[in-house]
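mind folding the following:
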Amino acid sequence: MQDKKAIVLCANMYEERELWYPYYRLQEAGLEVELVGAEEGTYTGKAGLPCKVDKQISQINAEEVDAVIIPGGFAPDSLRRNQQILNVIKKVNNNGGLIAAICHGPWLLVSADIISGKHITCFWAIIDDVKNAGAHYEDREVIRDGNIVTSRIPHDLPEFMKECLTVLQD
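Numbering: from 1, shown residues only. All right, here's what the predicted structure looks like:
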């Protein structure tokens, strides 16, 4: 997987475990991994851990991205308001790249309009949102539907990342 590139999205109030666990697992698997935010700078997680992004979304060429990882926390609520972020998600999805979202992360999949008819899981507070977007909600620790992988909570991270790495190897 040394020739593959992943981006991990970051904004204030991100869930630390859901950002850093995937970040290091993807690096360990040999991917080039970049932390990406709407703007340059440092964002603060829910527990106060800083995350300095490598690039802002305007510097990302979606054609070069094999995977988009969307951590949860409250960060997805602001990330979903950025059209450039949604455009990258749509393009990577259309190219068959991995789109992986955990916890509140599927909010971006709703806003990017890529989950209608898909089987999805998420944090319980956004179940209505994914259903209203036309997805089929299931309460499972991880769900893969094509190139889209979703999980519910930090406890699901081991299975979430196993499935993400499987998609990247396919």
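
hey, let's count contacts and neighbours off CA atoms from now on
Will do.

against which helices or strands is the helix or strand hosting Thr166 packed?
Assigned by DSSP states H and E, Thr166 belongs to helix 157-169. Contacts defined by 3 or more CA pairs under 8 Å, 6 or more residues apart in numbering; DSSP states H and E place helix 157-169 against helix 16-28, strand 98-102, strand 142-145, strand 148-151.

where do the strands sit along the chain?
With DSSP state E as the criterion, the chain has strands at 5-9, 32-37, 42-44, 50-52, 55-56, 67-70, 98-102, 119-120, 136-137, 142-145, 148-151.

CSV for these, including mean neighbour count?
Output for these, formatted as CSV (neighbours: other CA atoms under 10 Å):
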stretch, mean neighbour count
strand 5-9, 23
strand 32-37, 22
strand 42-44, 18
strand 50-52, 17
strand 55-56, 18
strand 67-70, 27
strand 98-102, 27
strand 119-120, 24
strand 136-137, 17
strand 142-145, 20
strand 148-151, 28
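
for Glu18, find the nearest of those.
With CA to CA as the criterion, Glu18 lies closest to strand 98-102 of the strands of the chain, at 7.2 Å.

adjacent strands (with direction) for the closest one?
strand 67-70 (parallel), strand 148-151 (parallel) (DSSP bridges).

one step back: so which of the helices and strands packed on helix 157-169 comes closest to Ile60?
In terms of CA to CA, the element of these nearest to Ile60 is strand 98-102, at 15.4 Å.

gap between the closest one and the chain center?
4 Å (CA atoms, centre = their mean, to the nearest Å).

what lies in contact with it?
By CA atoms under 8 Å, 6 or more residues apart in numbering, the residues outside strand 98-102 that reach it are 18, 66-72, 89, 92-93, 122-123, 147-154, 164, 167-168.

repeat for stretch 162-170
Outside stretch 162-170, the residues that reach it (CA under 8 Å, 6+ apart) are 1, 26, 29, 66-67, 97-98, 100, 142, 144, 147, 149.

swap the cut-off to 10 Å and go again
With contact meaning CA atoms under 10 Å, 6 or more residues apart in numbering, stretch 162-170 is reached by 1, 4, 6, 22, 25-26, 29, 31, 66-67, 69, 96-101, 142-144, 146-150, 157-159, 161.

what's the burial count for Gln59?
Residue neighbour count, defined by other CA atoms under 10 Å, stands at 11 for Gln59.

list the contacts of it.
By CA under 10 Å, 6+ apart, Gln59 lies in contact with 36, 38-39.
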